[in-house]
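1. I'll drop the sequence and a predicted model, then ask my questions.
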Amino acid sequence: MAVTLYTYEEVAKHNKVEDAWIVIDGKVYDITNFLDEHPGGEEIIFENAGGDATESFLDIGHSDDAMKILKGKYIGDMDPNSKPLSKKETQPAETVKKSEGSPTFAMVLSIVCLIIGYYVLNN
Ligand code: HEM
């Protein structure tokens, strides 16, 4: 089967949480479904979305297990004629959303406090 070739411009479009690709060693990987499963954290891997993560990936010294997971995410090769873009051009489109306290919870808490305050003042 023919290998799909991608350019750095094409890869750079996939820099979103719901659509994230990275390049490692001339190969392209779709890591969308892996972001929140990454043992090293969602943020650190997402920082490389849309760009080349070869150096960061190898620097960490990932295990054979990590290599196996990586293989499963393979979608094609880099076009050897494509030139890497600057870091600025491959910045992820957003940051990974952190789970913040739910606004509903804060609202319920305020209402409970008001009710308690009302009873304290009126008894
Ligand atoms: C698809 C690509 C990746 C896969 C499949 C992957 C997989 C894993 C796995 C399985 C681990 C657990 C430790 C191990 O088995 O080596 C891990 C840890 C880690 N990864 Fe990744 N990773 C990927 C990309 C990256 C990238 C691009 C970075 C850095 C920018 C990164 C940074 C880390 C860090 C900091 C840890 C924690 C290491 C530690 O606690 O010692 N990973 N990764």
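-> Arrived safely, thanks for sending.
2. what's near enough to touch the residue of the chain found nearest the ligand?
-> Relative to the ligand, the nearest point of the chain is G40 (2.3 Å; Cβ to the nearest ligand atom). For every residue, glycine as well, the C-beta is placed using N, CA and C. Shown in contact with G40 (Cβ atoms under 8 Å, 6 or more residues apart in numbering): I60.
3. again, only this time at 6 Å
-> The contact partners of G40, by Cβ atoms under 6 Å, 6 or more residues apart in numbering, come to none.
4. okay, and the beta partners of the closest residue in space to L70 that isn't next to it in sequence?
-> Leaving aside its sequence neighbours, L70 sits nearest to Y29 (Cβ to Cβ, 6 or more residues apart in numbering; 6.2 Å). Beta-bridge partners recorded for Y29 (DSSP bridges): I22, Y74.
5. does Y29 really touch K73, like I thought?
-> Yes - Y29 is in contact with K73 according to Cβ atoms under 6 Å; the separation is 4.0 Å.
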